[in-house]
Each structure stands twice: as structure tokens, then as C-alpha cells.
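Peer 1: need a structure here:
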Amino acid sequence: MEYQLIRSKRKTVAIEVKEDKIIVKCPYNCSKQYVESLIDKNRVWIEETHKKVMGKKANKLTYKEGQNIYYMGAPYEIKVIIGTRDLLEFDGEKFIFTIMSSKFNNSEDSEKVKMQLMMAWFRKKGAEYLTKRTCDLAKQLGLTINKVYIKNVRTIWGSCSTKNNINYNIRLISMPKEVIDYVIIHELCHLVERNHSEKFWNLVERIIPNYRQRRNFLKNNSSKYCNW
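Peer 2: Numbers count the residues shown, from 1 in each chain. Next up, the predicted model:
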């Protein structure tokens with residue numbers, strides 16, 4: 001298995017799987033023999049991770065007419081038209097992108113504009129829905145939050161700060177409502193238990209008995225629902 005080796009002052013070894021290569025980052029004093037044994041030991045994980053990476057690439061949204069954007073777990077087709085200003089509208093059946101004629105025939109400019117329009121739309125709708133839903137669930141549970149923020153992040157779905165601010169991934173409202181509720185409850189439970197201890201997961205389970213099913217759905221389907 002071919003790989004790119006990057007040595008630095010770091011203290012640990014890390015394996016990063018890219019579309020076209022494997023990158024191994026290691027300390028200066030790490031032997032090549034150890035690196036290769038580590039790769040061999042993690043061969044199954046590397047192959048599975050590479051499949052996921054390539055799957056995400058294949059499913060990546062390019063904002064072309066006929067593709068689908070997921071909103072609240074349901075797919076809605078993209079329609080693209082020429083207009084006098086850049087605009088994104090949702091009519092309940094389609095996401096309609098209006099693109100200025102000066103950018104319409106330039107695929108790179110057009111895709112960039114569509115992405116910006118969709119990010120703005122999802123940020124607005126996410127703020128509206130997630131703020132209200134978080135406040136409603138917090139009230140039901142007798143908990144108090146400070147503020148809700150929508151952020152463009154890729155590594156986490158939500159987080160809870162020490163100031164009781166709840167942060168959500170902007171892509172979360174692409175998922176089905178029951179999965180969204182799982183993430184909200186997960187973060188609200190951190191108001192009580194600030195870690196992922198057994199007490200924390202017991203609390204989550206008391207509120208959502210099938211939380212494992214929802215968590216697995218989120219893990220296994222995010223590349224399909226949140227492919228932008």
C-alpha cells in the first residue's frame with residue numbers, strides 16, 4: 001500500500017486517507033518499519049475509510065438542475081433559471097436558483113454563487129428551526145440555554161459551551177427531524193453532564209430510548225443527506 005510520509009516534531013503517528021493517497025505523519029525518530037507495520041495493522045480501516053471518501057466525492061452536490069438537496073430529511077429537486085439577480089427560493093417542491101446571465105454560463109462562477117446562496121438559506125432556516133426546537137425541548141426538560149448558533153463546520157454536528165450556548169452544524173437540517181432531535185437532546189444533556197460518561201448516555205437514553213438507532217443513522221447517512 002503506497003503512502004506519503006511526512007516527518008515533523010510531532011510526538012504521535014497519524015494516518016490520513018485522501019482520495020488519491022494515504023498520508024502518514026510521524027515523529028522524526030519513527031522508523032519506516034514501524035510505519036509500515038502500523039499501516040498493515042490498520043489496512044481494513046484504511047480501505048473502508050477510502051471507500052467512504054470516494055463515496056462522498058461521488059455524491060458531492062454540484063448544484064446542477066435535476067440533482068436533489070435534502071431538507072428536513074426529504075429530497076427536493078434543483079431548478080436553475082436566468083434572472084437579473086442571484087436568488088434562491090424554495091417553493092415546497094423545488095429549490096429554484098436564479099442566476100444572473102453574466103455568471104450563468106460560467107460553471108465555476110455559477111456553482112460558487114449557488115453554494116453561497118444555499119449556505120445563506122440554510123443558515124437562516126437552520127437558525128429559525130433549531131433555535132425554536134432547542135428552546136422547546138429545553139423547556140420540556142426543565143433546562144436553560146443561552147444562545148443558539150449555526151456554524152459551517154464539518155467535523156461535529158453540535159456542541160455545548162460552558163456558557164450554555166448551543167452550536168449546530170449548518171448541514172444538520174438536511175437530516176430527518178427525529179435525527180435532528182437526537183442531536184439537540186445530545187447537546188442539551190451536556191448542560192447536565194459535560195462529558196460523554198456513562199451518566200451522560202444514560203440521561204440521553206432516558207429521553208430517547210432508541211438514540212443508538214438515530215445516532216447510527218446520522219453516522220451512516222450523512223454523506224447522502226449532507227453532500228454539500
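Peer 1: how much space is there between the residue nearest to residue 123 when sequence neighbours are not counted and residue 170?
Peer 2: Closest residue in space to residue 123, ignoring its immediate chain neighbours: residue 150 at 5.2 Å, by CB to CB, 6 or more residues apart in numbering. Where C-beta positions appear, they are placed from N, C-alpha and C, glycine not excepted. According to CB to CB, to the nearest Å, residue 150 stands 5 Å off from residue 170.
Peer 1: pull the helix or strand with minimum mean pLDDT from this structure.
Peer 2: Here the helix or strand of the chain ranked lowest by mean pLDDT, DSSP states H and E is helix 43-59, holding a mean of 78.
Peer 1: got the CA positions of stretch 215-228 in PDB?
Peer 2: As requested, the backbone C-alpha atoms of stretch 215-228 are provided in PDB (Å, rounded to 0.1, in the frame of the first residue of the first chain):
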ATOM      1  CA  ARG A 215     -27.000   8.100  16.100                       C
ATOM      2  CA  ASN A 216     -26.200   5.300  13.700                       C
ATOM      3  CA  PHE A 217     -28.500   6.800  11.000                       C
ATOM      4  CA  LEU A 218     -26.600  10.100  11.300                       C
ATOM      5  CA  LYS A 219     -23.300   8.400  11.100                       C
ATOM      6  CA  ASN A 220     -24.100   6.200   8.100                       C
ATOM      7  CA  ASN A 221     -26.200   8.600   6.000                       C
ATOM      8  CA  SER A 222     -24.600  12.000   6.400                       C
ATOM      9  CA  SER A 223     -22.800  11.700   3.100                       C
ATOM     10  CA  LYS A 224     -26.100  11.200   1.300                       C
ATOM     11  CA  TYR A 225     -28.200  13.900   3.100                       C
ATOM     12  CA  CYS A 226     -25.400  16.500   3.700                       C
ATOM     13  CA  ASN A 227     -23.400  16.200   0.500                       C
ATOM     14  CA  TRP A 228     -22.700  19.900   0.100                       C
END
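Peer 1: need the residues that contact that stretch.
Peer 2: 52, 55-56, 59-61, 69-70, 73, 115, 118, 157, 171-172, 174-176, 179, 182-183 (CB atoms under 8 Å, 6 or more residues apart in numbering).
Peer 1: sorry, back to before: in a strand, that's where the residue nearest to residue 123 is, yeah?
Peer 2: Yes. Counting by DSSP: H, G, I helix; E, B strand; the rest coil, residue 150 is part of a strand.
Peer 1: before we move on, the earlier item: and for residue 150 and residue 170, which residues touch both?
Peer 2: Common neighbours of residue 150 and residue 170 (CB under 8 Å, 6+ apart) are 123, 126.
Peer 1: report all helices and strands that the longest helix belonging to the chain contacts.
Peer 2: For the chain, the helix with the greatest residue count under DSSP state H is helix 107-141. If you count contacts as 3 or more CB pairs under 8 Å, 6 or more residues apart in numbering; DSSP states H and E, helix 107-141 packs onto strand 87-90, strand 94-100, helix 101-104, strand 148-151, strand 166-169, helix 177-189.
Peer 1: tabulate these (CSV), appending mean neighbour count, distance to residue 47 and mean pLDDT.
Peer 2: Shown next, in CSV, are the helices and strands packed on helix 107-141 (neighbours: other CB atoms under 10 Å; distance: least, CB to CB, whole Å; pLDDT from 0 to 100):
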stretch, mean neighbour count, distance to residue 47, mean pLDDT
strand 87-90, 15, 39, 97
strand 94-100, 19, 35, 95
helix 101-104, 13, 41, 82
strand 148-151, 18, 32, 97
strand 166-169, 22, 27, 98
helix 177-189, 21, 28, 98
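Peer 1: good, wrapping up.
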